[in-house]
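Chemist: please find the sequence and the predicted model below.
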Amino acid sequence: MNSNDVGKEMGAKLMQHRRALYGYVYACVRNEHTAEDIVQDVAQIALSSFDTLRDPERFPQWLFGIARRRVLMEHRKHPREQIVPPDVVELLTAEAEATEPEQLRERKEYLQACLEELPEPMQQILRQRYDGSVRDVDELAAKRDRTVQAMYGVLKRLRRKLSACVERKIAEANA
């Protein structure tokens, strides 16, 4: 695999875990701008040290480990702004790392099933938005002959619908 392929693979993995990573970091620092800065730092660190990852299956744990160290470094630099004590950061990291790969695989399967239940035009919109074939929502809106605001609304409704569908499938499986 050449370096360009590795970069694409790493970018895809980062995007897959970005929301959880941001949520974790924000829970630790309680500041949107600081959280975003830390997530960007974590992404840069991960990209530059991806070759040190021994077990690709443990990517999420590795990524959250980088985030934990970066959050603790932020707390040391700004102790007065510390909202979440370092021991709580450690507990949050342990909880994030304890997420079982089986649960993630299960959720992905449910998400795929929910995606397939959507009408084909809605599936196309989601594919275009998240497969990298468009730069941003502006470009997607232009391709779909919609306003940017309307496209954001469509995407928001689709994400809600998918989330509700996945949660319903989880509840049915656990019943």
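Modeler: Structure's in. What do you need? Numbers count the residues shown, from 1 in each chain.

Chemist: CA atoms for contacts and neighbours, from now on please.
Modeler: OK.

Chemist: what residues go with each domain of the protein?
Modeler: As recorded under the TED database, the domains making up the chain are 3-97, 102-174.

Chemist: which regions of this protein sit below the pLDDT cut-off?
Modeler: Applying pLDDT under 70 to the chain flags the ranges 1-7, 79-104.

Chemist: the helices in the chain, which residues?
Modeler: For the chain, the helices defined by DSSP state H occupy 3-29, 32-48, 59-77, 86-97, 101-117, 120-130, 137-143, 148-174.

Chemist: which one of these is the most hemmed in?
Modeler: Among the helices of the chain, helix 59-77 has the highest mean neighbour count (mean count of other Cα atoms under 10 Å), at a mean of 18.

Chemist: by contact count, what packs against that one?
Modeler: In terms of contacts (3 or more Cα pairs under 8 Å, 6 or more residues apart in numbering; DSSP states H and E), helix 59-77 is packed against helix 3-29, helix 32-48, helix 86-97.

Chemist: run the angle between it and helix 3-29 for me.
Modeler: Helix 59-77 and helix 3-29 are oriented at 50 degrees to each other (axes from the mean of the first three to the mean of the last three Cα atoms, to 10 degrees).

Chemist: brilliant, that's me finished.
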